[in-house]
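Enquirer: just need the structure, nothing else, for what follows:
(chains A and B)
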Amino acid sequence: MKLDERTPPALDDGPHAGPEDVGRAVLDFQRGTDREKSFELLFRRFRPRVERFLAPRVFSPEERLDLTQAIFLRIYKGLEGYRGEGSLEGWVLQIACNVYRHWRDRQPGGRHATPEIPFDDSSGAPESSSADFSSPSTATSPLDRVVRQERLKALRDAIGELAPKQRLCMELRVYQDRSMQEIAAALRISPETVKAHLFQARQRLWDKLHQTLGTIDF
Amino acid sequence: MELIDTSPEAMDHPTPDQWLAYQRGELAAGEEERLQEHLARCRDCFDLAAAAAAFAEPDEAPGASQDVETAALWRLLRPRLDPSEPVRRNVREISDRPRRSSWRFRLPMYMAASFFVALVALSVSNLQQRKELKTLKAPKANLPISEFFGGERLATLGTAEKTMTAPAGPWLLVLHPGEELQVYRLVIRDAATGREQSSAELRPNKDLALTLYFPEGIRPGRYRLELSVGSGGGAGKVLETHRLHVKEAGKGD
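Expert: Numbering: from 1, shown residues only, chains lettered A, B, ... in the order given. Alright, predicted model coming up:
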């Protein structure tokens, strides 16, 4: 469903709301003075941000539309109880994040259902989502289990010895299974930088562990 | 993943505002590093930090297409905000001014109300009439009564007759038949012409008497009362015959 095909705009296209207008709108809303108009102002203010948040995470326009509505409905219902302990933006952010997480966890595959934009790996290095270790519990014998425990400890120690940014990228990539785009956004660096950190981290780990662990692929 | 324990136990989670400040680069270097270390160990905060990144970006100047989209979305959202709101407003609006619906709705209502009132009036009238009729037909105290006994038959047959003055109102005829039967039939005929004036099937009461009530009295004249065996619709064998002379009131014979 394309939004452009819907009914013509009902809002008057006045200037966009500033922080003072938003604060006044919240107060008006809580006093019950023209709640609809007050909320419309908040909607106009935060809709682009919610859209920016959802766009790379929810590909289906219909689902994005539903989620946007769900987020603003939650805001509408909770705005009465908003006491201004944090900023309104932070409060809206928390709601948007909660609604999104709730939706994501209900998708088949849960968190891993989040689509990952393919990242062009020019080095040709294989991209694997996690270290190529099976769980210790799947080991066939107690001896294998002990060996794997040892390898994991070695890997953990080696990761801990990496440079801070490399270590963070590696931990987020390996332990949390985050995409490079997600890591980049969270650490406020570019995806290319993330990729470089991961490459260097792999090199260091290889140098350090290849004799101990054999082949390592992550 | 079991490489390390990433559970956020006893962690001091940064607030959404801190994540926004982090994403906008407003934090000191040490604080920024602390938050980044936290990210590596807290999945929930990682999601929040990622969302904060989208929120922290500066808003673009709104274009026409974005405004249209926002307006269209608002149109979709608005009816879902508070479904009770329009109802409340309607009630307030209606209560603030005299209620007056259009003729389109009022006419059928008036017609239905009229029909109902007419129906009630008709029912009341019908009940009234029934009551009056019942009152009229009901036996009254101190009625003029004419009694005939079956034992008189032989003595009076053909010769004697009972004489009475025409009653002004209701009149009661009482017969004491000589033979005891379940059902009788009484036929009153004009004595001169033999024409049947009335006929009724009677059942004896606990005193074995037959009573016949004439709510409108009886006209002056000579009558022959034939009491026969009651047999369905017709009259059977005549058991008794009585003669009755009803004189006009105020006239001698």
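
Enquirer: helices of chain A, start to end?
Expert: Under the criterion DSSP state H, chain A contains helices at A:19-31, A:35-54, A:61-78, A:88-106, A:142-160, A:164-174, A:180-187, A:191-213.

Enquirer: swap in the stretch 151-253 of chain B?
Expert: Under the criterion DSSP state H, counting those that start in this stretch, the stretch 151-253 of chain B contains helices at B:153-156.

Enquirer: any idea which residue of it lies closest to chain A?
Expert: For the stretch 151-253 of chain B and chain A, the shortest gap (C-beta to the nearest C-beta) falls at residue B:215, measuring 77.8 Å. C-beta here means a position set from N, CA and C on the backbone, and glycine is covered the same way.

Enquirer: OK, contacts around residue A:66?
Expert: By C-beta atoms under 8 Å, 6 or more residues apart in numbering or on different chains, no residues touch residue A:66.

Enquirer: from residue A:91, how far out is it?
Expert: Remark: distance between residue A:66 and residue A:91 (C-beta to C-beta, to the nearest Å) = 22 Å.

Enquirer: likewise residue B:176?
Expert: 107 Å.

Enquirer: return the distance of the residue of chain A most remote from its centre relative to residue A:154.
Expert: Distance from the C-alpha centroid of chain A peaks at residue A:143, with 39.1 Å (C-alpha atoms, centre = their mean). Counting by C-beta to C-beta, the gap from residue A:143 to residue A:154 is 17 Å.

Enquirer: sorry, back to before: residue B:176 and residue A:91 - which one has more neighbours?
Expert: Using other C-beta atoms under 10 Å in any protein chain shown as the criterion, residue B:176 and residue A:91 rank with residue A:91 on top: 20 against 16.

Enquirer: so the more buried one makes contact with residue A:82?
Expert: Yes - counting by C-beta atoms under 8 Å, residue A:82 is a contact partner of residue A:91 at 6.0 Å.

Enquirer: most tightly packed of the helices of chain A?
Expert: Highest mean neighbour count of these: helix A:180-187, a mean of 24 (counted as mean count of other C-beta atoms under 10 Å in any protein chain shown).

Enquirer: list the contacts of that helix.
Expert: The set of residues external to helix A:180-187 that reach it, using C-beta under 8 Å, 6+ apart, is A:56, A:116-117, A:119, A:165, A:168-169, A:172-173, A:178, A:190-191, A:193-195, A:198, B:36, B:39, B:46, B:49-50, B:53-54.

Enquirer: try 6 Å
Expert: With contact meaning C-beta atoms under 6 Å, 6 or more residues apart in numbering or on different chains, helix A:180-187 is reached by A:117, A:119, A:169, A:172, A:190-191, A:194-195, B:39, B:46, B:49-50, B:53.

Enquirer: in space, not sequence, find me the middle residue of chain A.
Expert: residue A:182 (5.7 Å).

Enquirer: distance check, that residue against residue A:103.
Expert: From residue A:182 to residue A:103 the distance is 17 Å (C-beta to C-beta).

Enquirer: once you drop chain neighbours, what's closest to residue B:37?
Expert: Leaving aside its sequence neighbours, residue B:37 sits nearest to residue A:168 (C-beta to C-beta, 6 or more residues apart in numbering or on different chains; 7.5 Å).
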